[in-house]
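[1] Sharing a model prediction with you, sequence too.
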Amino acid sequence: MKSDLRTAIITGACGTGMGRSIALTLAKNGYCVVINYRTNQTEADAIVSHIRKQGGTAIAVQADVFQKEDCTRLITTTRNCFGRIDCCIIGPGADWHPEPLTDLKPEDALHDMYQEVAPIYYLLPPILSDMKSRGFGRIIGLASNLDIPSPAYSYNAAKSARIQALLLAAKDVFSMGITVNVICPGPVNARPDFNEACGHCEHNDLFQNRTEILPQDIADGVAFLCSDSARYISGCVLPYLF
């Protein structure tokens, strides 16, 4: 199946947080969406089924974005199905190692760094080639608001590496019609109830009357940065303070 619609890969899209809300929102906005998951096929299939029932287009692709071979398969499957890649949302990153610097386990800290930058290096070169051929592309990374740093030293350092890796990429690809931006929220509570997340995507009363930042807030930011209205926004770090 080839598509004239823009296609978005959302990594880590089958959980109960930002990835799922991003997938639902981009599908609502008319994108073909690729629901990437590592282990939870049941949840991924449920999201795909919901999107299709709403008249959207979606597929689920199993891939561990910390592994090069899996990233290659994710890209190949997307191209084979839709013939194009227009947007890539990079979500999964470091594990949680809250030890202070004095108790730092180097192997854990280095693994955190690897998990933050590996998806960028495995996904971007082949995806950018695809985007360059059409003169359009959107790369968005999810990181962390380091103005309100977590108590985990290695987590903060790894997030800093992700942010800088993406911002440096932005300078190299803007002339190709490709933007690269980073969304940096503080803590965002997951929404385990799938129907609740779907209601937030519709901006229902519960969402309008929210008293905390929700995954849908992040999804709305991603949708804007993927749009034509954001074509001159690149190298941006979009913070969510609370």
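    Ah, there it is.
[2] where in this structure is pLDDT low?
    1-3, 242 (pLDDT under 70).
[3] for it, what spans make up the helices?
    18-28, 41-53, 68-82, 106-134, 153-173, 194-201, 205-208, 215-226 (DSSP state H).
[4] Can you tell me which of those helices is most buried?
    Most buried of the helices of the chain, by mean neighbour count (mean count of other C-beta atoms under 10 Å): helix 18-28, with a mean of 27. To be clear about C-beta, it is placed using only N, CA and C from the backbone, and glycine gets the same treatment.
[5] quick one, that helix and helix 215-226 angle?
    50 degrees (axes from the mean of the first three to the mean of the last three C-alpha atoms, to 10 degrees).
[6] 590 is where my numbering starts, stick with that
    Fine by me, first position is 590 from now on; the one you just mentioned is helix 607-617.
[7] what's in contact with helix 607-617?
    Here helix 607-617 makes contact (C-beta atoms under 8 Å, 6 or more residues apart in numbering) with 597, 599-603, 622, 624, 632, 636, 639-640, 643, 645-647, 676, 678, 680, 731, 774, 777, 780, 783, 786-787, 789-790, 803-805, 807-809, 811-812, 815.
[8] change it to 7 Å
    For helix 607-617, contacts defined as C-beta atoms under 7 Å, 6 or more residues apart in numbering pick out 597, 599, 601-603, 622, 624, 636, 640, 645, 647, 678, 680, 731, 777, 786-787, 789-790, 804-805, 807-809, 811-812, 815.
[9] Arg641 and Ala647 touch, don't they?
    Yes: under the criterion of C-beta atoms under 7 Å, Arg641 makes contact with Ala647 at 6.3 Å.
[10] Give me the common contacts of those two.
    With C-beta under 7 Å, 6+ apart, Arg641 and Ala647 have no common neighbours.
[11] and the residue nearest to the spatial centre of the chain, bridged to which residues?
    Centroid-nearest residue in the chain: Ile678, 3.0 Å away (criterion: C-alpha atoms, centre = their mean). Beta-bridge pairing of Ile678, defined through DSSP bridges, involves Ile599, Ile729.
[12] I figured it was touching Ile599, is that so?
    Yes: using C-beta under 7 Å, Ile678 makes contact with Ile599 at a distance of 4.6 Å.
[13] Distance of the residue sitting furthest away from the middle of the chain relative to Ser743?
    In the chain, the residue that sits farthest from the middle, by C-alpha atoms, centre = their mean, is Thr691; the gap is 32.4 Å. From Thr691 over to Ser743 the distance is 12 Å, taken as C-beta to C-beta, to the nearest Å.
[14] try Thr646
    From Thr646 over to Ser743 (counting by C-beta to C-beta), the distance is 39 Å.
[15] Over to Gln643?
    Counting by C-beta to C-beta, the gap from Gln643 to Ser743 is 40 Å.
[16] So the closest residue to Arg820 other than its chain neighbours versus Leu755, what's the distance?
    Nearest non-adjacent residue to Arg820, counting by C-beta to C-beta, 6 or more residues apart in numbering: Thr768, 6.9 Å away. Distance, Thr768 to Leu755, using C-beta to C-beta: 11 Å.
[17] need the contact list for Ala786.
    609-610, 613, 780, 804.
[18] same thing but at 10 Å, please
    Neighbouring residues of Ala786 by C-beta atoms under 10 Å, 6 or more residues apart in numbering: 605-606, 609-610, 612-613, 636, 639, 779-780, 796, 803-805, 808.
[19] Neighbours of the closest residue to it other than its chain neighbours, how many?
    Spatial nearest neighbour of Ala786, excluding adjacent residues (C-beta to C-beta, 6+ apart): Arg780 at 4.9 Å. Using other C-beta atoms under 10 Å, Arg780 has 20 neighbouring residues.
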